[in-house]
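Enquirer: test case, fold it:
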Amino acid sequence: MKIHYDPNFAFARCLAIVFVAANLALVSQGEPALGQRGMVATVHPLATEAGLQALRRGGNAIDAAVAAALTLGVVNGYNSGIGGGCLMLIHLANGRTVAIDGREAAPLAAVRNMYVRNNRADPQLSQLGALSVATPGSLMAYSYASRTYGRLKLSDPLLVAARIAENGFQIDADYARVLASHANELSGFESSRAIFLHPNGSPKKAGEILRQPDLAATYRAIAANGTDWFYKGVFALAIGDWMFRNGGILNFNDFAIYQSRLRDPVVSTYRGYTIVGFPPPSSGGVHVAQILNILEYFDLAKIRATNSVDAIHVTSEAMKLAFADRAYWLGDPDFIKVPRGLTSKAYATKLASRIRMDRVANVIQHDVPPGAQKDFFRQHTTHFSAADAAGNWVACTATINTSFGSKIVVPGTGVLLNNEMDDFSIQPGVPNFFGLVGAEANAIAPRKRPLTSMSPTIVMKSGKPVLALGAAGGPTIISQVVLAIINTIDFGMGLEAALAQPRFHHQWAPNRLTIEKAAGEKVLPELEKRGHMLTPVDSFGVTQAVAANPTNRAFIGAHDPRVNGKAAGW
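Expert: Presented below is the predicted three-dimensional model:
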């Protein structure tokens with residue numbers, strides 16, 4: 001089985017497969033969900049209901065988020081699960097904000113050139129199969145969040161999700177579309193083939209029931225024996241044994257030493273609001289702040305009212321400048337020095353001065369933020385948000401990287417394993433699956449956590465949360481979060497309308513502006529006149545959000561209209 005990789009088409013491939021963009025039109029926004037005592041928003045109705053059940057049983061927003069996450073690993077497992085990682089941002093009722101890093105880590109035996117063959121990187125090795133798997137971290141993060149900040153036992157949501165896995169759920173159109181795109185790769189692994197494909201090799205289709213008894217058994221074993229069963233017991237031994245026999249390097253010791261980590265959130269301001277984001281190894285918190293800092297230099301509301309093309313142009317130019325910095329500066333702060341100056345207002349003013357309204361700027365390479373040598377940060381995907389009446393808010397993004405991750409389900413476990421090793425810079429200048437290039441800062445090293453675009457974000461006003469959001473969609477996560485924030489703050493849109501607006505994204509390399517066709521036939525030619533090289537698409541990305549209702553103490557929830565998600569209140 002061979003993946004034919006062409007870096008010139010990597011980003012287009014990402015849009016077509018990971019974002020489920022092909023032939024997917026935007027649906028009109030409906031009424032947002034309302035709730036007095038709590039709110040949950042996810043990409044799947046069953047996961048949202050699991051979160052609400054946690055609230056009804058006396059749990060808080062942290063319990064709701066963990067319940068949603070574990071159920072998403074069953075019903076939306078091609079995007080996330082306990083075989084992958086997560087970043088969880090929590091604002092507690094006591095006013096404290098906590099960032100729990102459950103990002104996957106490179107195995108102890110990993111080396112920087114492990115994907116280089118004949119002096120050239122082979123992306124097939126980092127994207128598919130045994131060598132692509134990093135140590136999973138999401139279960140450790142969920143366990144820590146539940147034990148430290150929740151009210152319910154972790155076993156409660158595990159058993160709820162286990163029943164869904166055992167009894168089965170109906171495959172929807174989104175799941176079926178992604179499954180069909182990856183059926184050939186899944187067919188190369190016995191257990192994956194048995195779960196997701198028919199005996200004749202064809203993928204299961206929309207409307208069919210997908211049952212996962214091995215995954216149910218794994219969930220029940222964790223519920224009965226704790227997370228040590230996963231990280232220091234039967235599960236870790238099974239994974240290590242399979243990897244040894246199939247050319248992988250992940251082993252029992254990698255699981256046994258893994259720990260989730262507490263990080264200091266990235267805190268910035270935007271037009272009177274406080275923006276709380278996730279720090280490295282997420283690039284999201286840093287670059288959401290950086291892009292918003294640049295945009296604060298411009299009166300976006302006035303610009304958009306005069307000419308919507310100008311608003312798209314200036315925002316995409318800000319994105320491009322930030323992503324050029326991302327490629328050079330960002331990585332795991334436990335291994336490299338990430339300058340805090342990237343989020344400074346003074347640096348943003350310098351970058352903003354490079355933006356011209358009449359044409360695109362030629363951004364050849366990164367810039368140098370203040371304090372770059374002395375002031376540093378310390379040591380496929382889904383997003384879900386939750387909030388409760390006590391004042392706890394959660395924004396959590398989880399992933400196994402590309403759809404169905406490494407495509408591996410180790411026999412007897414039911415768990416899809418990630419392919420997060422592809423998020424490292426496998427060779428300087430070589431793009432990963434998403435078309436992103438990296439430098440020394442994101443090179444492979446044992447126990448290092450790969451750079452990610454995951455951007456769980458909480459927006460606050462006068463010390464109180466007013467919005468918790470995040471997105472799925474590789475590097476476009478950062479752009480989606482920025483657009484949702486400016487749509488609400490600058491353009492005064494309601495939550496549903498903000499998520500339904502046409503999206504656009506620029507990540508510096510490749511030098512193209514990806515934009516949804518819904519932006520309009522008049523807009524695209526005007527952007528081209530200014531020098532933008534366009535990639536029009538039907539749609540991309542998935543954003544979920546929960547907001548405070550400005551008229552009372554209740555909540556508003558919204559799911560992305562591009563997928564069959566659900567926001568529901570209690």
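Enquirer: C-alpha only now, for contacts and for neighbours.
Expert: Fine.
Enquirer: what about the residue nearest to residue 151 when sequence neighbours are not counted, how many neighbours?
Expert: Spatial nearest neighbour of residue 151, excluding adjacent residues (CA to CA, 6 or more residues apart in numbering): residue 59 at 5.2 Å. Neighbours of residue 59 under the rule other CA atoms under 10 Å: 20.
Enquirer: any idea how far residue 59 is from residue 75?
Expert: 22 Å (CA to CA, to the nearest Å).
Enquirer: and the helix or strand hosting residue 294, what's buried?
Expert: Using DSSP states H and E, residue 294 sits within helix 284-295. Using 16 or more other CA atoms under 10 Å as the test for burial, helix 284-295 gives 284-295.
Enquirer: can you pull out the low-pLDDT segments for this structure?
Expert: Where the chain drops to pLDDT under 70, the residues are 1-30, 362-380, 428-429, 431-439.
Enquirer: one more time with 80
Expert: Applying pLDDT under 80 to the chain flags residues 1-31, 361-381, 428-440, 553.
Enquirer: residue nearest the centroid of it?
Expert: By CA atoms, centre = their mean, the chain has its centre lying nearest to residue 454, at 3.9 Å.
Enquirer: and the end-to-end length of stretch 181-199?
Expert: Start to finish, the residues bounding stretch 181-199 are 18 Å apart (CA to CA).
Enquirer: and the longest helix that the chain contains, what does it pack against?
Expert: Once the chain is assigned using DSSP state H, the helix that runs over the most residues is helix 308-329. Here helix 308-329 touches helix 284-295, helix 300-306, strand 504-506, helix 523-529, going by 3 or more CA pairs under 8 Å, 6 or more residues apart in numbering; DSSP states H and E.
Enquirer: 10 Å instead?
Expert: Contacts defined by 3 or more CA pairs under 10 Å, 6 or more residues apart in numbering; DSSP states H and E place helix 308-329 against helix 284-295, helix 300-306, helix 345-352, helix 476-489, strand 504-506, strand 513-516, helix 523-529.
Enquirer: does residue 443 have beta-bridge partners, and which?
Expert: On the basis of DSSP bridges, residue 443 is bridged to residue 425.
Enquirer: residues touching it, list them.
Expert: Residue 443 sits next to 111-113, 331-332, 335-336, 423-428, 449-451 when contact means CA atoms under 10 Å, 6 or more residues apart in numbering.
Enquirer: what about residue 47, helix or strand, and which?
Expert: Here residue 47 is assigned to helix 45-56, by DSSP H and E.
Enquirer: quick one: the strands in the stretch 1-150 of the chain?
Expert: For the stretch 1-150 of the chain, applying DSSP state E, counting those that start in this stretch gives strands covering 33-35, 38-42, 85-91, 97-102, 116-117, 120-121.
Enquirer: residue 58 against residue 152, yeah?
Expert: Yes: with contact defined as CA atoms under 10 Å, residue 58 counts as touching residue 152 (7.6 Å).
Enquirer: common neighbours of these two, please.
Expert: Here residue 58 and residue 152 have residue 64 as joint contacts, going by CA under 10 Å, 6+ apart.
Enquirer: more neighbours: those two, which one.
Expert: residue 152 (20 against 12).
Enquirer: quick check: closest non-adjacent residue to the residue nearest to the centre of the chain.
Expert: With CA to CA, 6+ apart, the residue lying closest to residue 454 is residue 284, at 5.6 Å.
Enquirer: didn't the one you found look like it was pressed against residue 452?
Expert: Yes: if you go by CA under 10 Å, residue 284 and residue 452 touch, sitting 7.4 Å apart.
Enquirer: overlap in contacts of these two?
Expert: By the contact definition CA under 10 Å, 6+ apart, residue 284 and residue 452 are jointly contacted by 475, 477.
Enquirer: for residue 519, what are phi and psi?
Expert: Residue 519 adopts backbone torsions of phi -60, psi -30, taken as degrees, to the nearest 10.
Enquirer: skip the chain neighbours and tell me the closest residue to it.
Expert: Leaving out its chain neighbours, residue 519 is closest to residue 502 (CA to CA, 6+ apart), at 5.4 Å.
Enquirer: so that neighbour, which state does it fall into?
Expert: coil (DSSP: H, G, I helix; E, B strand; the rest coil).
Enquirer: does residue 162 count as helix, strand or coil?
Expert: Following three-state DSSP, the label given to residue 162 is helix.
Enquirer: what about it, distance to residue 417?
Expert: 18 Å.
Enquirer: which one of the two has more residues nearby?
Expert: residue 417 (29 against 25).
Enquirer: what about the nearest residue to that one once chain neighbours are set aside, neighbour count?
Expert: Spatial nearest neighbour of residue 417, chain neighbours left out: residue 83 (4.5 Å); criterion: CA to CA, 6+ apart. Residues near residue 83, counting by other CA under 10 Å, number 27.
Enquirer: ranges for the helices of the stretch 351-500 of the chain?
Expert: Counting by DSSP state H, counting those that start in this stretch, the stretch 351-500 of the chain has helices at residues 476-489, 495-500.
Enquirer: can you show me the CA trace of the longest one as CSV?
Expert: So the one you mean is helix 476-489. Provided in CSV are the C-alpha atoms of helix 476-489 (Å, rounded to 0.1, in the frame of the first residue of the first chain):
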residue,chain,number,x,y,z
THR,A,476,-7.2,26.7,9.6
ILE,A,477,-8.2,26.3,13.2
ILE,A,478,-6.3,29.5,14.0
SER,A,479,-8.0,31.4,11.2
GLN,A,480,-11.4,30.0,12.2
VAL,A,481,-11.0,31.2,15.8
VAL,A,482,-9.8,34.6,14.7
LEU,A,483,-12.8,35.0,12.3
ALA,A,484,-15.3,33.9,14.9
ILE,A,485,-13.9,36.5,17.3
ILE,A,486,-13.9,39.4,14.9
ASN,A,487,-17.4,38.4,13.6
THR,A,488,-18.7,38.8,17.1
ILE,A,489,-16.6,41.6,18.5
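Enquirer: now do the buried residues in stretch 485-494.
Expert: Neighbour-count burial for stretch 485-494, counted by 16+ other CA under 10 Å, picks out 485-491, 493-494.
Enquirer: kindly reformat these as a markdown table containing distance to residue 477.
Expert: Output for the buried residues of stretch 485-494, formatted as a markdown table (distance: CA to CA, whole Å):
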| residue | distance to residue 477 |
| --- | --- |
| 485 | 12 |
| 486 | 14 |
| 487 | 15 |
| 488 | 17 |
| 489 | 18 |
| 490 | 19 |
| 491 | 20 |
| 493 | 20 |
| 494 | 20 |
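Enquirer: quick check, nearest of these to residue 97?
Expert: residue 485 (19.4 Å; CA to CA).
Enquirer: I figured that closest one hits residue 498, correct?
Expert: Yes: counting by CA under 10 Å, residue 485 touches residue 498, with 8.2 Å between them.
Enquirer: what touches both of these two?
Expert: Counting by CA under 10 Å, 6+ apart, the residues touching both residue 485 and residue 498 are 491-492.
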